[in-house]
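Trainee: Starting from these lines, generate the structure:
(one chain, ligands or ions: 1)
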Amino acid sequence: MVPLAAPPAPAPLQRADPTGRDKEGARIRAMFGRVAGRYDLLNHLLSGHLDRLWRRRLARDLALPAGARVLDLCAGTGDQAIALHRRGYRVTAADFCLPMLALARPKFGRAAATPPVPLQADALALPFPDGQFDGATVSFGLRNVADLDRALGELARVLRPGGELGVLEFTVPALAPLKSLYLFYFRRLLPRLGGWLSGDPSAYTYLPESVLGFPQREGFVARLAAAGFEAGRWRTLSGGVLALYRARKT
Ligand SMILES: C[S@@+](CC[C@H](N)C(=O)[O-])C[C@H]1O[C@@H](n2cnc3c(N)ncnc32)[C@H](O)[C@@H]1O
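Mentor: Okay, here's the model as predicted:
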């Protein structure tokens, strides 16, 4: 079994944090730590089991040769990393929330040869040298990071030139009837259902807020371009409730 690697101990000196990112990051990490135990179950239930299909689609779309080194960032409980591993990639699964990663470990333990490597790491300061990976994925993670542009900059830094990025993220459907239904589900039903099932209502009030506050489609592609990615494109899945983005490191 691959050991769960921890990053080097932080410097003992108190650092100034004028951006508030550290505090925001700590709040997000604590929230995922609280819901970790029920995360998988809720994901499957609230998505009608489509989440497995979406992650497989992202892994398939990456289209790198078998054996390519792929970083799965904001890896959570490891399902995206497993989908990538099944495509024959050598996967590093990074997340800053240990209780989420701890649930990935047994899944990785059951994986065949060269299982994904779990690593505790912050998306805003990745502990990898430049150009380390051939590909990277983030599923349902980027809307949670405290500084999106910085996380995209880190992804661009650790990818080799020409390296492939794939991102899955919820979107608000563009068409009127589905859009109203989606907003009703997201704003009214999901916070209640999620709060009731997870025992943490704040986490599932936060979910619609984070989705509605995240750049949509062309807006996100523009952020990718600003971070050093080219050929950014997107396509929607499941009637437009989420988008699969692809881009290449310049
Ligand atoms: C909604 S979960 C997605 C997990 C997984 N990718 C999936 O598809 O189920 C979001 C994850 O992002 C992680 N995360 C949020 N901010 C992060 C950061 N700054 N660095 C690393 N992980 C972060 C959280 O700990 C959480 O596990």
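Trainee: From here on, just use CA atoms for contacts and neighbour counts.
Mentor: Will do.
Trainee: My understanding was that residue 190 contacts residue 206; is that so?
Mentor: No: no contact is recorded between residue 190 and residue 206 when judged using Cα atoms under 8 Å, the distance being 10.5 Å.
Trainee: Which one's more surrounded, the two?
Mentor: Each of residue 190 and residue 206 had its neighbours counted (other Cα atoms under 10 Å), and the higher figure belongs to residue 190 (19 against 14).
Trainee: Now that one: closest residue in space that isn't a chain neighbour?
Mentor: Counting by Cα to Cα, 6 or more residues apart in numbering, the nearest residue to residue 190 once its immediate chain neighbours are dropped is residue 204, at 6.8 Å.
Trainee: List the contacts of the one you found.
Mentor: Contact partners of residue 204, counting by Cα atoms under 8 Å, 6 or more residues apart in numbering, are 190-192, 194-195.
Trainee: measure it to the ligand for me?
Mentor: From residue 204 across to the ligand, the span is 11 Å (Cα to the nearest ligand atom, to the nearest Å).
Trainee: tell me which element that residue falls in.
Mentor: In the assignment (DSSP states H and E), residue 204 maps to helix 201-212.
Trainee: Which positions in that helix come out as buried?
Mentor: Within helix 201-212, the residues that count as buried by 16 or more other Cα atoms under 10 Å are 201, 203-205, 207-208, 211-212.
Trainee: for the following helix or strand past that helix, packing partners?
Mentor: As assigned by DSSP H and E, the chain's next helix or strand after helix 201-212 is helix 218-226. Helix 218-226 sits against strand 229-237, with contacts defined as 3 or more Cα pairs under 8 Å, 6 or more residues apart in numbering; DSSP states H and E.
Trainee: Can you list the strands that the strand it packs on pairs with?
Mentor: If you go by DSSP bridges, strand 229-237 pairs up with strand 242-249 (antiparallel).
Trainee: Can you show me the CA trace of the partner strand as PDB?
Mentor: Extracted in PDB, the C-alpha atoms of strand 242-249 (Å, rounded to 0.1, in the frame of the first residue of the first chain):
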ATOM      1  CA  LEU A 242     -22.300  20.400 -16.100                       C
ATOM      2  CA  ALA A 243     -19.500  21.100 -18.500                       C
ATOM      3  CA  LEU A 244     -16.400  19.200 -19.500                       C
ATOM      4  CA  TYR A 245     -13.500  21.600 -20.300                       C
ATOM      5  CA  ARG A 246     -10.300  20.800 -22.100                       C
ATOM      6  CA  ALA A 247      -7.200  22.900 -22.700                       C
ATOM      7  CA  ARG A 248      -3.500  22.500 -23.400                       C
ATOM      8  CA  LYS A 249      -0.600  24.000 -21.600                       C
END
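Trainee: Are the host helix or strand of residue 118 and the ligand in contact anywhere?
Mentor: Taking DSSP H and E as the criterion, the element that holds residue 118 is strand 117-120. No: under the criterion of Cα under 6 Å from any ligand atom, the ligand is not reached by strand 117-120; the shortest gap measures 7.6 Å.
Trainee: same thing with stretch 166-175?
Mentor: No: applying Cα under 6 Å from any ligand atom, one finds stretch 166-175 separated from the ligand by no less than 8.2 Å.
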